[in-house]
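Novice: let me see the structure of the following:
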Amino acid sequence: MKLGLLPKIILAIILAIIAGSFAPDAFLRVFITFNNLFGNFLGFAIPLIIVGFIAPGIASLGKGAGKMLGITTSVAYLSTIGAGLIAFFTATFLYPTLLKGQSTQAFENPEEALLSPFFTVEMPPVIDIMSALLLAFTLGIGLTVINGHTLKHAMYDFREIIEKVIEKVIIPLLPLHIFGIFANMTQGGQAVAIMSVFLKVFLMILALHILYLFIQFSVAGSLAKRNPFIMMKNMVPAYMTALGTQSSASTIPVTLKQTKQLGTNERVADFSVPLLATIHLSGSTITLVSCGIAVMMLQGQSPGLGTILPFILMLGITMIAAPGVPGGAVMAALGLLESMLGFDPTMISLMIALYLAQDSFGTACNVTGDGALSMIVDKLSGTKSRRSTVLKEKTEV
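Specialist: Sure thing, here's the model as predicted:
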């Protein structure tokens, strides 16, 4: 039977839970070894995906590239800040009741419960994510200034190579990759143990994710004159993929595919989706703010808006490089937690434990919202279709 990507992902998760509960460790380590190799390859490919999509995407926009970059960045940052503020006001209103009677508890390092692969092969990326973004911006904007046809066509060829890698390698192997991740988490049992302690907080965060996605798609739907619920349903494969990979950047291929199916201009999608995967972290921000306030209240503190707002504003900048790494958002935020919110080692341990227990849901909210924001950028920028641009380029040649 030929199954679509979403059924394969769901089947992989179900089988992983079964295997993680009953299969011997040696059997699971075979898949975990593959998972490690595939994850390393994804880490190698992510900067190439960013350059391969963003640079030619900017170049194809012509003299409107600066406008597109400004709109996308502004929309992403405002979305991230809005998410943090909603999380703050909701936590301030609900936590005094939800966390009543709760006390601080110590947690073991969740990484210690996971199985290790039989072996690993290092696949360091040619450049890191921030360098890839800067290179993509430099090449793309530069091509709009000089109108260089040779380099532009080379970038188009490079994009075709990256698209083939995504289509023939990454997407077919994603379900197996997700199987390994969920099987390892299930056998370790650390996520369930941590989540059981913070169940109420966890449910509140999930509710906020859904609420904020509805807000994002309502705005996008009003601009595109589309049903927001149908648009959200279309992004489910990206959401489910992110649940397994825990990485916005690793989910770019699926997010890009589903965003184009929304009816977003292909040129806008090719440009905005890889960019948003690295700068738009609304779901992670909701999670970090909610978890941070919970930990502070468990320690007897009552943070106000004057304390949390600067933290939220800095999160939108600090976590830019985090989406390429599962759990990277909380790691990138540790410095802010310590310097701006006064977290001590015990509070940081609690924060990491709580965040890692549901990191995949925050990531899933990030990438699903990328589809809505891409549609918003498309409508705000008024970009013409790629087909008309290609015909114009052929005429000029």
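
Novice: can you name the residues that contact residue 263?
Specialist: Under the criterion of C-beta atoms under 8 Å, 6 or more residues apart in numbering, the contact list for residue 263 reads 224, 226, 375. C-beta here means a position set from N, CA and C on the backbone, and glycine is covered the same way.

Novice: what's near enough to touch the last one?
Specialist: Right, the one you point to is residue 375. Applying C-beta under 8 Å, 6+ apart, one finds that residue 375 lies in contact with 220, 223, 224, 226, 231, 259, 262, 263, 264.

Novice: tell me the two of these that are most distant?
Specialist: Set against one another by C-beta to C-beta, the contacts of residue 375 have their most distant pair in 223 and 259, with a gap of 14.6 Å.

Novice: more crowded one of these two?
Specialist: A direct count of neighbours by other C-beta atoms under 10 Å for residue 223 and residue 259 places residue 259 higher, at 30 against 15.

Novice: and the gap between that one and residue 182?
Specialist: The span separating residue 259 from residue 182 equals 25 Å under the rule C-beta to C-beta, to the nearest Å.

Novice: and for residue 211?
Specialist: In this structure, residue 211 and residue 182 are 26 Å apart, going by C-beta to C-beta.

Novice: comparing the two, which residue is more hemmed in?
Specialist: Under the criterion of other C-beta under 10 Å, the comparison of residue 211 against residue 182 puts residue 182 first, with 22 against 14.

Novice: just the buried positions in stretch 299-308, please.
Specialist: Applying a neighbour-count criterion of 16 or more other C-beta atoms under 10 Å, the buried positions in stretch 299-308 are 303, 307, 308.

Novice: what's the closest of the residues you listed to residue 241?
Specialist: Of all those, residue 308 has the smallest distance to residue 241: 31.2 Å, by C-beta to C-beta.

Novice: what sits against the closest one?
Specialist: By C-beta under 8 Å, 6+ apart, the neighbours of residue 308 are 84, 88, 289, 292, 293.

Novice: what about it, distance to residue 314?
Specialist: The separation that residue 308 has from residue 314, given C-beta to C-beta, amounts to 11 Å.

Novice: now do residue 230
Specialist: In this view, residue 230 and residue 314 are 36 Å apart by C-beta to C-beta.

Novice: the two: who's more crowded?
Specialist: In this comparison of residue 230 against residue 314, neighbours counted by other C-beta under 10 Å, the higher total goes to residue 314 at 15 against 11.

Novice: nearest residue to that one in space, please, no chain neighbours.
Specialist: Taking C-beta to C-beta, 6 or more residues apart in numbering, and ignoring the residues beside it in sequence, residue 314 has residue 336 as its nearest neighbour in space, at 5.5 Å.

Novice: thinking again about what came up before, let me have the buried residues of stretch 299-308 in CSV, adding secondary structure, distance to residue 370 and pLDDT as columns.
Specialist: Rendered in CSV, the data for those read as follows (DSSP: H, G, I helix; E, B strand; the rest coil; distance: C-beta to C-beta, whole Å; pLDDT from 0 to 100):
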residue, secondary structure, distance to residue 370, pLDDT
303, coil, 29, 82
307, helix, 29, 86
308, helix, 25, 89
